[in-house]
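A.B. asks: I would like the atomic coordinates for the input below:
(chains A, B, C and D)
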2 protein chains.
Amino acid sequence: MADERQTRTEKLAGEIADAIIDGSLEPGTRLDEHMLAARYGTSRTPVREALRKLATTGLIELRPRRGAIVTEVTSQQLETLFVAMGELEATCARLSALSMTPIERRRLGALYDGMADMVARDDVEAYAAANTHFHTLFYAGSHNPVLADMTATLRRRLAPFRHAQFRAPGRLALSHSEHGAVLRAVLAGDAASAHAAMLHHVSLVEDAFEQLAAPSSSRRRAN
Amino acid sequence: MADERQTRTEKLAGEIADAIIDGSLEPGTRLDEHMLAARYGTSRTPVREALRKLATTGLIELRPRRGAIVTEVTSQQLETLFVAMGELEATCARLSALSMTPIERRRLGALYDGMADMVARDDVEAYAAANTHFHTLFYAGSHNPVLADMTATLRRRLAPFRHAQFRAPGRLALSHSEHGAVLRAVLAGDAASAHAAMLHHVSLVEDAFEQLAAPSSSRRRAN
DNA sequence: GGAAAATATTGTGCATGCAATTTTGAGATC
DNA sequence: GATCTCAAAATTGCATGCACAATATTTTCC
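C.D. replies: As a prediction, the model looks like this:
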């Protein structure tokens, strides 16, 4: 596996995080240090350090003297997370409208144009990848690494709950038209519109999730 | 020393964080694990775990195999942090305008009224404490623990750079009038105005800091 | 038979030690 | 005098072991 430059602790943190995100480790699972150490072929020390790191991201819960468990997110907490991410994404879009360089604006436009073809071909796979890239451009475009980091971390944390995002019919075209609204606002340097458009866009994703995941208990707050 | 319920690792993380925030450990200081272990009378293991935790908050920098140092924030990074905090505070205000309960609104108004007296008495000490409380109410008022946490953490991280905040003459009254603008917007349920007013308010703090800390290299970005 | 107490077991918290890497310092060469 | 090379020292990464707290199990008592 090539150059082992990173420490075992970091590698472990990454692998365990991946296992949680892709669902191999289900919410509520007890994370026994001995077990993890055995599974990954190390001692408990790096496992412990990796767990501390994951605990700060909220992926796992660390109860002193009582071990770690994969965080169980209630649907209410999930809504909170989605709202927080929406606000952060919107803020990135806002700052992007104010701060993006001409080159960044051009790149954003080019990606948007390319995505139109994917919609036309109904290429969900390619569109999903491009979509991630599209959003990432706003993180960078905010020119605020602190904010960009927070947003990217939250997005990653919510990844497990966004799998079926583009499955619903017509959602690709809808998403793309929303992207267009955000793009126009950013290119026009209209911070408030960029904020509003992005917030609207990600709220749709949130709604899509709720319809897919919890079609029954759909109490919605007044908006 | 009462009930030692928390682990050594947690206690260490807290003490080291405090030492950094109050300036005992200056930016750039190397954090030797043996040294810290000796100073706090433990072994290296809990020290290492505490350092991992602090690294994720950004208070220290952890360079694999090369030890940890107290993060040196350049004035540019500091500006980034202030901007990020401003955006988060504004977002909390925005959500507060949408979500605060009548009780929370009343509490906010009462605090605001009380602070008028402190301004009249020119009681900087009391005003600073009340100011923190005022802002905290918006974190809670957002009804989004994720966002509230992020904002509170950032505020804490920036605490060392806000000491002289209310020293400048007339700043108390100015701050209070800004609070009034935020308050009115929130009570009126006007999300956009609450966002703008809070952003304006915290930008003033940022500017005050820059005038105090870096009166020379004051390149400002176009706003 | 069920609840409470006592015991056994498991697992975490922390200390210690060793190997490997980075850093430091001395000496050599240009 | 500066730079390069190489060895010594320092420091991190990780493994192992032990003590104590938390949990599971058995035993005792009503």
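A.B. asks: C-alpha from now on. contacts and neighbour counts both.
C.D. replies: Noted.
A.B. asks: tell me the domain ranges of chain A?
C.D. replies: Domain assignment for chain A by automatic domain parsing gives A:8-70, A:75-213.
A.B. asks: Redo those domains as TSV? Include distance to DNA strand C and mean neighbour count.
C.D. replies: Formatted as TSV, the domains of chain A follow (distance: least, CA to the nearest atom of the strand, whole Å; neighbours: other CA atoms under 10 Å in any protein chain shown):
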stretch	distance to DNA strand C	mean neighbour count
domain A:8-70	3	17
domain A:75-213	23	18
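A.B. asks: Which one of those lies nearest to residue B:16?
C.D. replies: Of all the domains of chain A, domain A:8-70 sits nearest to residue B:16, with 16.5 Å by CA to CA.
A.B. asks: Chain neighbours aside, what residue packs nearest to the residue positioned nearest the centre of chain A?
C.D. replies: Nearest residue to the geometric centre of chain A (CA atoms, centre = their mean): residue A:155, 1.5 Å. Leaving out its chain neighbours, the residue that sits closest to residue A:155 by CA to CA, 6 or more residues apart in numbering or on different chains is residue A:85, at 6.9 Å.
A.B. asks: doesn't residue A:154 make contact with that neighbour?
C.D. replies: Yes - using CA atoms under 8 Å, residue A:85 is in contact with residue A:154, at 6.2 Å.
A.B. asks: Just read off the phi/psi values of residue A:68.
C.D. replies: phi -110, psi 150 (degrees, to the nearest 10).
A.B. asks: Dig out what it forms beta bridges with.
C.D. replies: Bridge pairing for residue A:68 (DSSP bridges) gives the partners residue A:31, residue A:62.
A.B. asks: In contact with it, which residues are there?
C.D. replies: If a contact means CA atoms under 8 Å, 6 or more residues apart in numbering or on different chains, then residue A:68 has A:30-32, A:51, A:60-62 as its contacts.
A.B. asks: mind putting those residues in TSV, pLDDT included?
C.D. replies: Converted to TSV, the contacts of residue A:68 look like this (pLDDT from 0 to 100):
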residue	pLDDT
A:30	94
A:31	95
A:32	95
A:51	96
A:60	95
A:61	94
A:62	94
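A.B. asks: show me which of the residues you listed neighbour DNA strand D.
C.D. replies: With CA under 7 Å from any atom of the strand as the criterion, these include none near DNA strand D.
A.B. asks: Which single one of the residues you listed is nearest to chain B?
C.D. replies: Each of the contacts of residue A:68 was scored against chain B by CA to the nearest CA, and residue A:51 proved nearest at 9.8 Å.
A.B. asks: Name the residues of chain A found near DNA strand D, please.
C.D. replies: So chain A meets DNA strand D at A:7-9, A:41-46, A:65-66 (CA under 7 Å from any atom of the strand).
A.B. asks: Which residues does the longest helix belonging to chain A contact?
C.D. replies: Ranked by residue count under DSSP state H, the longest helix found in chain A is helix A:75-99. With contacts defined as CA under 8 Å, 6+ apart, helix A:75-99 is touched by A:138-139, A:141-143, A:147-148, A:150-151, A:154-155, A:158, A:182, A:185-199, A:202-203, A:206, B:87, B:91, B:144-147, B:223.
A.B. asks: What mean pLDDT does the host helix or strand of residue A:205 get?
C.D. replies: Taking DSSP states H and E as the criterion, residue A:205 maps to helix A:191-213. For helix A:191-213, mean pLDDT is 81.
A.B. asks: Point to the helix or strand of chain A where mean pLDDT is at its lowest.
C.D. replies: helix A:191-213 (a mean of 81; mean pLDDT, DSSP states H and E).
A.B. asks: which residues of chain A fall in helices?
C.D. replies: In chain A, helices defined by DSSP H lie at A:8-21, A:33-40, A:44-57, A:75-99, A:102-121, A:124-141, A:145-158, A:171-187, A:191-213, listed in chain order.
A.B. asks: how near is the closest residue to residue A:199 other than its chain neighbours to residue B:181?
C.D. replies: Nearest residue to residue A:199, sequence neighbours excluded (CA to CA, 6+ apart): residue A:90, at 5.2 Å. Separation of residue A:90 from residue B:181 (CA to CA, to the nearest Å): 23 Å.
A.B. asks: next one: residue A:161
C.D. replies: Computed with CA to CA, the distance linking residue A:161 and residue B:181 is 39 Å.
A.B. asks: same deal with residue A:156?
C.D. replies: Taken as CA to CA, the span from residue A:156 to residue B:181 is 36 Å.
A.B. asks: same check, this time on residue A:76
C.D. replies: In terms of CA to CA, residue A:76 sits 32 Å off from residue B:181.
A.B. asks: which residues are there in chain A that come within reach of chain B?
C.D. replies: A:6-7, A:49, A:52-53, A:56, A:64, A:80-81, A:83-84, A:87, A:91, A:98, A:144-147 (CA under 8 Å from any CA of the partner chain).
A.B. asks: one step back: adding pLDDT, write the residues of chain A next to DNA strand D out as TSV.
C.D. replies: Converted to TSV, the residues of chain A next to DNA strand D look like this (pLDDT from 0 to 100):
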residue	pLDDT
A:7	84
A:8	86
A:9	91
A:41	94
A:42	94
A:43	95
A:44	95
A:45	96
A:46	95
A:65	91
A:66	92
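A.B. asks: so where's chain A uncertain?
C.D. replies: Regions of chain A meeting the criterion pLDDT under 70 cover residues A:1-5, A:163-165, A:207-223.
A.B. asks: Figure out how far stretch A:132-145 is from the centre of its chain.
C.D. replies: Here stretch A:132-145 is found 12 Å from its chain centre; the criterion is CA atoms, centre = their mean, to the nearest Å.
A.B. asks: can I have that stretch written out in CSV, keeping just the CAs?
C.D. replies: Taking Å, rounded to 0.1, in the frame of the first residue of the first chain, the C-alpha atoms of stretch A:132-145 are listed here in CSV:
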residue,chain,number,x,y,z
THR,A,132,-20.1,17.1,-4.9
HIS,A,133,-17.5,19.0,-6.9
PHE,A,134,-19.9,21.8,-7.5
HIS,A,135,-20.5,22.3,-3.8
THR,A,136,-16.8,21.9,-3.0
LEU,A,137,-16.1,24.9,-5.2
PHE,A,138,-18.2,27.1,-3.0
TYR,A,139,-16.3,25.9,0.1
ALA,A,140,-13.1,27.0,-1.5
GLY,A,141,-14.7,30.1,-3.0
SER,A,142,-15.7,31.4,0.4
HIS,A,143,-11.9,32.0,0.9
ASN,A,144,-12.4,31.0,4.5
PRO,A,145,-10.7,27.7,5.3
